[in-house]
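Chemist: here is the input, now give the coordinates:
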Amino acid sequence: MALPPAIEKGIEKTDAFLAKYPNLTQYERLKEIEEKTGQPKVYFFLAICLVFTSFIYVIGGAKLISDLVSFVYPAYMSFKAIDTNSPTDDKQWLTYWVVFGFTSIVEQCASVLVGWIPFYFFLKIGFFTWLYHPKFMGAGVIYTQVLRPALLPYLGKTAPEKKSS
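Modeler: Numbers count the residues shown, from 1 in each chain. This is a model prediction of the structure:
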């Protein structure tokens, strides 16, 4: 039975991802399973991911999953940014952590209300993904349009004064 072209393309992309990170994805073991069963290794990888995600969900619920999504990748990228010479990525991730901290405080203060919002944790995952996704850079938008104008008047002068001649 032939799969639709879009599914085939997705399997190829996932297989390329698995091959790119062989230690992380246990690529050799997945190849062995593929050879024994005749099914693509991608199916087994996705099944393992589903079981792992279900386990995390059972342990901590949607809150734990949303907290992991909003923390793990940004923390990894922040560690990488520290070791680069580019100030651009440093600024991006520093801005993300400022917005992350602010939203975490607001979320904690409004925890009673959060329980009443349907699909809150799915919305949170989408929001934090938007904040750090390189295509959108939402943290910069929130910082420049919301946080900076609201907080800057209370922080005093942040830029050094220019000398007049």
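Chemist: list the contacts of the least confident helix or strand in the chain by mean pLDDT.
Modeler: Here the helix or strand of the chain ranked lowest by mean pLDDT, DSSP states H and E is helix 22-25, holding a mean of 87. Applying Cβ atoms under 8 Å, 6 or more residues apart in numbering, the contact partners of helix 22-25 are 17-18, 28, 45. C-beta coordinates here come from the backbone N, C-alpha and C atoms, glycine included.
Chemist: and the helices in this structure, which stretches?
Modeler: Along the chain, counting by DSSP state H, helices occupy 5-20, 22-25, 27-37, 41-82, 87-109, 111-114, 120-132, 138-142, 148-155.
Chemist: which residues of this structure score low on pLDDT?
Modeler: 1, 157-165 (pLDDT under 70).
Chemist: got the buried residues for stretch 45-53?
Modeler: Phe45 (16 or more other Cβ atoms under 10 Å).
Chemist: residues making contact with that stretch?
Modeler: 14, 18, 25, 30, 65.
Chemist: closest to Gly140 out of those?
Modeler: Ile65 (25.2 Å; Cβ to Cβ).
Chemist: I'd guessed that closest one sits against Phe121; true?
Modeler: Yes - counting by Cβ atoms under 8 Å, Ile65 does reach Phe121; the two are 7.0 Å apart.
Chemist: ok so, going back, export the contacts of stretch 45-53 as CSV, with columns for neighbour count.
Modeler: Output for those, formatted as CSV (neighbours: other Cβ atoms under 10 Å):
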residue, neighbour count
Thr14, 17
Leu18, 18
Thr25, 18
Leu30, 21
Ile65, 18
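Chemist: among these, which two are most distant?
Modeler: Maximum distance among the contacts of stretch 45-53 (Cβ to Cβ): 24.0 Å, for Leu30 and Ile65.
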